[in-house]
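Student: When you get a sec, could you give me coordinates for this:
(one chain, ligands or ions: 1)
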Amino acid sequence: MNGEKRFAIIGAGMSGILCAIKLREAGHKHVTVYEKADRIGGTWRDNRYPGLTCDVPAHAYTYEFAPNPEWSAYLVGGDEIQAYFEKVVDDYGIRPLIRFNSEIEHMEWQGDHWDIETKDGHKDQAHVAIMATGVLHHPKMPDIKGLESFAGRAMHTAQWDVDVSLTGKRIGVIGNGSTGVQMVTKLGKDGHDIVHFQRSPQWMMPYPNFEYSEEDKAKFRASVEAIDAIRYDETYWANIRRFTTGITEIDGPEMQSIEDICRGWLEQAVTDPILREKLTPNYRAACKRLIYSYDYYGVAQQPNVETIVCGIREVVPEGVIDNEGVLHKLDVLALATGFHTDRFVRPISVKGAGGRDIEDAWAERCAAYMAISIPDFPNFFLFNGPSSPVGNFSLIDVAERQWGYIEQLLNRAASSNASGIVASKAAFDDYEDRRIAKAKATIFGSGCTSWYLDKTGVPITWPWDYDAFADAMAKPDFDAFDMV
Ligand code: NAP
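Tutor: Numbers count the residues shown, from 1 in each chain. Next comes the predicted model:
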């Protein structure tokens, strides 16, 4: 396939939008974004549960090129973030590039391009495929006896029906990851009767929120430096480095400090010793994703919020029976039970060079060199792929750095007159050997269950610190790549 480069971006969420803007800015004319839904936004489109908030400061969870003086608070809700992405899409004129309601079903490398086919039979060809398909995307329904028999409304948090009235309803929430905790905090504050089923307690990092005044916003409008002062705030970045160093050096002072803060906060904020006992995890802080919350412990002590830690025996039409045989009558059941996080680009069927199937490449575990490129899959780049950094920091910042890396690969392939570029098998194997050894020694591998672990129990995340990620993304090692 000759002619000007054609790009297919799969997914119009945060990273797909970023990529489309960057490709257009670089002068590429043939850019198509395939989006299976009828709206942009990815995770922020799908998640609409009560209390949905981004626990990363809004000014840091913002594209570097599109600062937003209008953020209403230090941490903002999902609606506001969705509106931001909608505005960016229009401000940068990329909406016409997006093909909505177009779910890619199959992709196949043809030596110098990808053949692409949507579920409804539309066919396309692209020299470069950029997979911006997200990771927290496929809701995980809990395998609980009798769930389907529930007479009220049971909803996964990522499929929340905002039209269901919660007024006067008794609500059960299953799960206490970031989602369950945000939901209980909001609904509990709003005065609903809540029964919160927790299978494993969580460590909490206290993280107060505050609103920006009109005066603050005027300051942000007048000077981008005022915004940058928050985005690049020393304390915020010191916390990120404390966290990413802490997770990699688990017996060092950074992790000790995180543990001390979490334990101290639990002791200070939860006065009832029985509840405190219920809420005390038996694994180390940050082993599961740390929950950032200032208000949850207070809400958990309100009389309208009951915390159940003995486990669930079964769901019956009237509600949930716990493992001590107590029936908790409920009208609504929120399933804050997380996601199938091992899917990445799938269920798209992808066949690379020599017909290699992605299912085969990922049979043992999902992996990509530098989280971006997979041997035998040329010109196939992942945002937020396996081993991409995850944690308590901005995934927009991560995606921007990943774009910088991908852009350099594309430029290198273009200047070499190659049809494609792909991580070599040797570089991939070496990376995976080093990554797995290091990942097992991170805090995520220190003895808890979480969505960070792959099916073999190895953490699937970036196992080095933040600066190592920034350095790696800033300058690809081109010797690790083959031209095709
Ligand atoms: P999650 O962290 O995977 O938590 C799922 C929860 O459901 C856990 O408490 C889990 O218990 C429980 N659970 C799962 N199956 C269950 C079952 N059969 N019976 C009882 N309990 C069950 O999912 P999430 O809370 O949706 O969060 C996922 C990720 O989304 C977060 O880690 C974070 O990266 C992201 N997120 C970010 C924000 C933000 O503000 N930036 C907000 C929300 C989510 P166990 O722990 O015992 O397995």
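
Student: Now do the helices in the stretch 251-400 of the chain.
Tutor: Ranges of helices in the stretch 251-400 of the chain, per DSSP state H, counting those that start in this stretch, are 253-269, 273-278, 296-300, 358-361, 395-415.

Student: and Lys475, which of those helices is closest to it?
Tutor: Of all the helices of the stretch 251-400 of the chain, helix 395-415 sits nearest to Lys475, with 7.8 Å by CB to CB. Backbone N, C-alpha and C define where each C-beta goes, glycine included.

Student: So which elements touch the very next helix or strand once past the closest one?
Tutor: Toward the C-terminal end, the helix or strand that comes next after helix 395-415 (DSSP states H and E) is strand 421-423. Judged by 3 or more CB pairs under 8 Å, 6 or more residues apart in numbering; DSSP states H and E, strand 421-423 is in contact with helix 395-415, strand 481-483.

Student: if we can go back for a sec, just the helices of the stretch 251-400 of the chain: most buried one?
Tutor: helix 296-300 (a mean of 21; mean count of other CB atoms under 10 Å).

Student: Does that helix reach the ligand?
Tutor: No: against the ligand, helix 296-300 shows no contacts by CB under 6 Å from any ligand atom, the least distance being 12.4 Å.

Student: Can you name the residues in contact with that helix?
Tutor: Helix 296-300 is contacted from outside by 181, 184-185, 188-189, 196, 204, 265-266, 269-270, 275, 279, 305, 307, using CB atoms under 8 Å, 6 or more residues apart in numbering.

Student: got the CA positions of it in PDB?
Tutor: These are the backbone C-alpha positions of helix 296-300, laid out as PDB (Å, rounded to 0.1, in the frame of the first residue of the first chain):
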ATOM      1  CA  TYR A 296     -14.400   7.800  53.700                       C
ATOM      2  CA  TYR A 297     -13.600   7.000  57.300                       C
ATOM      3  CA  GLY A 298     -15.900   9.700  58.600                       C
ATOM      4  CA  VAL A 299     -18.700   8.400  56.400                       C
ATOM      5  CA  ALA A 300     -18.100   4.800  57.400                       C
END
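
Student: Quick one: mean pLDDT for that helix?
Tutor: Average pLDDT, helix 296-300: 98.

Student: what does stretch 266-282 give?
Tutor: pLDDT averaged over stretch 266-282 gives 97.

Student: Let me see the contact set for the residue most central in space within the chain.
Tutor: Geometric centre of the chain, nearest residue: Leu136, 5.2 Å, by CA atoms, centre = their mean. Leu136 makes contact with 43, 158, 338-339, 341, 451 under the criterion CB under 8 Å, 6+ apart.

Student: what about it, helix or strand, and which?
Tutor: Applying DSSP H and E, one finds Leu136 in no helix or strand.

Student: what about the residue nearest to Ile321 when sequence neighbours are not counted, distance to Ile174?
Tutor: Residue nearest to Ile321 in three dimensions, not counting chain neighbours: Arg313, with 4.7 Å by CB to CB, 6 or more residues apart in numbering. Counting by CB to CB, to the nearest Å, the gap from Arg313 to Ile174 is 13 Å.

Student: In terms of packing, which of those two has more residues around it?
Tutor: Here Arg313 and Ile174 are set side by side on neighbour count (other CB atoms under 10 Å), and the busier one is Ile174, at 25 against 17.

Student: Report the contact partners of that one.
Tutor: Ile174 neighbours (CB under 8 Å, 6+ apart): 142, 144, 180, 197, 312, 320, 333-337.

Student: try Gly355
Tutor: By CB under 8 Å, 6+ apart, Gly355 lies in contact with Glu108.

Student: Which pLDDT value belongs to it?
Tutor: On pLDDT, Gly355 comes in at 97.

Student: burial of Asp479, as a residue count?
Tutor: 9.

Student: secondary structure class for the closest residue to it other than its chain neighbours?
Tutor: The shortest distance from Asp479 to any non-neighbouring residue, by CB to CB, 6+ apart, is to Ala427 (7.6 Å). Secondary structure for Ala427, judged by DSSP: H, G, I helix; E, B strand; the rest coil, is helix.

Student: follow-up on the earlier one: my read: the residue nearest to Ile321 touches Lys145, true?
Tutor: Yes: here Arg313 reaches Lys145: they are 7.4 Å apart, a contact under CB atoms under 8 Å.

Student: Write out the residues of the stretch 251-400 of the chain neighbouring the ligand.
Tutor: So the stretch 251-400 of the chain meets the ligand at 289, 312, 336-338 (CB under 6 Å from any ligand atom).

Student: burial count for the residue of the stretch 351-484 of the chain found nearest the ligand?
Tutor: Minimum separation of the stretch 351-484 of the chain from the ligand (CB to the nearest ligand atom) falls at Trp451, amounting to 4.3 Å. Applying other CB under 10 Å, we find 20 residues neighbouring Trp451.

Student: So the lowest-mean-pLDDT helix or strand in the chain, near the ligand or not?
Tutor: Counting by mean pLDDT, DSSP states H and E, the chain has its least confident helix or strand at helix 234-248, which shows a mean of 94. No: using CB under 6 Å from any ligand atom, we find that helix 234-248 stays clear of the ligand, coming within 13.0 Å at best.

Student: Determine the set of other helices and strands touching that helix.
Tutor: Applying 3+ CB pairs under 8 Å, 6+ apart, one finds that helix 234-248 contacts helix 253-269, helix 466-474.

Student: what sits against whatever residue of the stretch 51-200 of the chain ends up closest to the ligand?
Tutor: Nearest residue of the stretch 51-200 of the chain to the ligand, counting by CB to the nearest ligand atom: Gly177, 2.3 Å away. By CB under 8 Å, 6+ apart, the contact list for Gly177 reads 202, 288-289, 291, 336, 338, 451.

Student: Let me have those in JSON lines, extended by pLDDT.
Tutor: Below are those laid out as JSON lines (pLDDT from 0 to 100):
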{"residue": "Gln202", "pLDDT": "97"}
{"residue": "Lys288", "pLDDT": "97"}
{"residue": "Arg289", "pLDDT": "95"}
{"residue": "Ile291", "pLDDT": "97"}
{"residue": "Ala336", "pLDDT": "98"}
{"residue": "Gly338", "pLDDT": "98"}
{"residue": "Trp451", "pLDDT": "96"}
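
Student: Sweet, I'm off.
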